[in-house]
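In: my questions are about this predicted structure, shown below with the sequence.
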Amino acid sequence: MLNTAIKAARRGAAVINRATFDLDRIGVTEKYFNDFVTDVDKSAEAAIIEVLKTAYPDHAILAEESGASANLHDENEYVWIIDPLDGTTNFIHGFPQYCVSIALQHKGVITQAVVYDPTRNEMFTASKGAGAFLNEKRVRVTRCDKISAALIGTGFPSRDLSGLEQYMDMFKVMTPKCQGLRRAGSAALDLAYVAVGRFDGFFEKGLAPWDIAAGSLLVTEAGGIVGNFSGEADYLHKGDVLAGTPKVFGQMVHLLSPFAASAKSA
């Protein structure tokens, strides 16, 4: 199943890579304020689903652009969770920070994960209980145990700006406590970066399951922890996510848990 996901990710990435040669001709639609979809998102998603459905025709699909397949709620044991192009705004502008994200959920548990960065040819993979890998080399989260020494990834509101004031409050809390905050624009890649040690932690509010699913397994299989802003495990469909090395995660929960209950999705 992991090999099938890798094949699907490469097929989707091939669509994306072809489009980078002529960005000016890509059709762009604004789904909501500052929330874009391109012809490339749709074509890449179709290519990914074709690979997955050919291999596993009975599996359900939950994808960003096409939504849920008809059999998603038929007590289907297997669900593929797909973001064909996480970081669409970056892609539109030629900013090389975007990826394909594919995860497999089995009976409610994420068991396989692929995050593929086509600009760097970096394939992040994980299978539950078998570790996390970057281009087939085992990876681990950093040994960072103090948030004062941590580089933290984040995201902030670009669509629902009602959450902006609260994010600024979180920014004020976090900035003096860590070595730096970075907002690169692709949550799936940010989580992958926690897994391989480029970030020591990550937090964001208002994410969708396809933003989180694959990256969350990468982090946990690399020895990190993922949870919501209270440190609990119901982040996948709630959308508020913290991730990090075990000790940095605990310190982030301490700092950001006051924002959990009253938080609005960003």
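Out: Nice, I can see it.

In: please enumerate the helices of the protein.
Out: With DSSP state H, the ranges of helices along the chain come out as 2-19, 39-55, 88-92, 164-174, 187-196, 209-221, 246-256.

In: could you give the average pLDDT over the third one?
Out: Confidence for helix 88-92, expressed as mean pLDDT, is 90.

In: list the buried residues of it.
Out: Thr88, Thr89, Asn90, Phe91, Ile92 (16 or more other Cβ atoms under 10 Å). C-beta here means a position set from N, CA and C on the backbone, and glycine is covered the same way.

In: show me what contacts the fourth one?
Out: The neighbourhood of Phe91, defined by Cβ atoms under 8 Å, 6 or more residues apart in numbering, consists of Ile16, Thr20, Thr38, Val40, Leu85, Tyr98.

In: for Gln97, see how far away it is.
Out: Between Phe91 and Gln97 the distance is 9 Å, computed by Cβ to Cβ, to the nearest Å.

In: same thing with the first one?
Out: Plainly put, Thr88 is 11 Å away from Gln97 if you go by Cβ to Cβ.

In: equivalent analysis for the third one, please.
Out: Taking Cβ to Cβ as the measure, Asn90 falls 5 Å from Gln97.

In: overlap in contacts of those two?
Out: Ala184, Gly185, Ser186.

In: closest to Glu165 out of those residues?
Out: Gly185 (20.8 Å; Cβ to Cβ).

In: now that closest one, nearest residue through space, not along the chain?
Out: Setting aside the residues directly before and after it, Gly185 is nearest to Asn90 in space (Cβ to Cβ, 6 or more residues apart in numbering), at 4.8 Å.

In: one more: Val51?
Out: Val51's closest residue in space is Ala8 (Cβ to Cβ, 6+ apart), at 3.9 Å.

In: okay, and the beta partners of Val109?
Out: Listed by DSSP bridges, the beta-bridge partners for Val109 are His106.

In: so where's the protein uncertain?
Out: For the chain, the stretches with pLDDT under 70 are 23, 25-37, 74-75, 158-160, 261-266.

In: so which residue is dead centre in it?
Out: Nearest to the geometric centre of the chain sits Ala188, at 2.2 Å (Cα atoms, centre = their mean).

In: which residues touch that one?
Out: Listed by Cβ under 8 Å, 6+ apart, the contact partners of Ala188 are Asp83, Asp86, Gly87, Cys99, Ser101, Val115, Asp211, Ile212, Ala214, Gly215.

In: okay, the closest residue to Tyr193 other than its chain neighbours and Gly215: tell me how far apart.
Out: Counting by Cβ to Cβ, 6+ apart, Phe199 is the residue found nearest to Tyr193 once chain neighbours are left out, at 4.6 Å. Distance of Phe199 to Gly215, given as Cβ to Cβ: 11 Å.
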